[in-house]
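> Starting from these lines, generate the structure:
(one chain, ligands or ions: 1)
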Amino acid sequence: MHELGIAENILQIVRQSVPEGQTAAVRRIKLRVGKLSGVVAESLDFCFGVMIGDTDMNRAGLDIEDVPVTSKCRECGNAFATDDFAFSCPACGGNSIEVVSGRELEIVEIELADESGEQI
Ligand SMILES: [Zn+2]
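Sure thing, here's the model as predicted:
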């Protein structure tokens, strides 16, 4: 499964980004996932949950933001939203189309528990 490898990557990045000894404080990992990335948010969430289940990061959760697909016509510069790859421009009918967004798969933010307010 595609999502399993991605969940593994995310976990690795988080471990590298968070200061040592702070991984147990990770609560929320904010991701931006483009519709063209081929990632199914629900299964990524599921894989990630299984993966952290018996680690010190088991209180972390994913917060996945869907990034819509935006395409741009190279001929007239028209930018438009699409559900998938676009093959022609709705404004001029040109077919030199560039994908501007929708392929992202990135971590935007890692949220740690606020130590002062945390009850254990
Ligand atoms: Zn156009």
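
> Now do the same contact list for Thr55.
Thr23 (C-beta atoms under 8 Å, 6 or more residues apart in numbering). C-betas here are computed from N, CA, C, even on glycine.

> Please report how far the residue nearest to Leu105 when sequence neighbours are not counted lies from Pro19.
In space, and not counting its chain neighbours, Leu105 is closest to Ser37: 4.6 Å by C-beta to C-beta, 6 or more residues apart in numbering. Taking C-beta to C-beta, to the nearest Å as the measure, Ser37 falls 29 Å from Pro19.

> Counting neighbours around each, name which of these two comes out higher.
Ranked by neighbour count (other C-beta atoms under 10 Å), Ser37 and Pro19 place Ser37 first, with 18 against 8.

> so that one touches Glu104, yeah?
Yes - counting by C-beta atoms under 8 Å, Glu104 is a contact partner of Ser37 at 6.7 Å.

> just checking, Leu36 is part of a helix?
Yes - under DSSP: H, G, I helix; E, B strand; the rest coil, Leu36 falls within a helix.

> and it, what pLDDT?
What the model reports as pLDDT for Leu36 is 92.

> That one contacts Leu105, doesn't it?
No - counting by C-beta under 8 Å, Leu36 sits too far from Leu105 to count as a contact (9.8 Å).

> now the strands for this protein?
Residue ranges of the strands in the chain, as given by DSSP state E, are 26-34, 61-67, 69-73, 79-82, 97-101, 105-112.

> nearest to the ion, of those?
Proximity to the ion (C-beta to the ion) singles out strand 69-73 among the strands of the chain, at 3.1 Å.

> I would like the residues contacting the closest one, please.
With contact meaning C-beta under 8 Å, 6+ apart, strand 69-73 is reached by 34-36, 78-86, 89, 91-92, 94, 96-102.

> what comes up buried for the longest helix along the chain?
Longest helix in the chain, counting residues (DSSP state H): helix 2-17. The neighbour-count check on helix 2-17 (16 or more other C-beta atoms under 10 Å) flags 3, 6-7, 10-11, 14 as buried.

> what mean pLDDT would you report for it?
95.

> Could you dump the strands of the chain into TSV with distance to the ion and mean neighbour count added?
Formatted as TSV, the strands of the chain follow (distance: least, C-beta to the ion, whole Å; neighbours: other C-beta atoms under 10 Å):
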stretch	distance to the ion	mean neighbour count
strand 26-34	22	19
strand 61-67	22	16
strand 69-73	3	19
strand 79-82	9	14
strand 97-101	8	15
strand 105-112	28	14
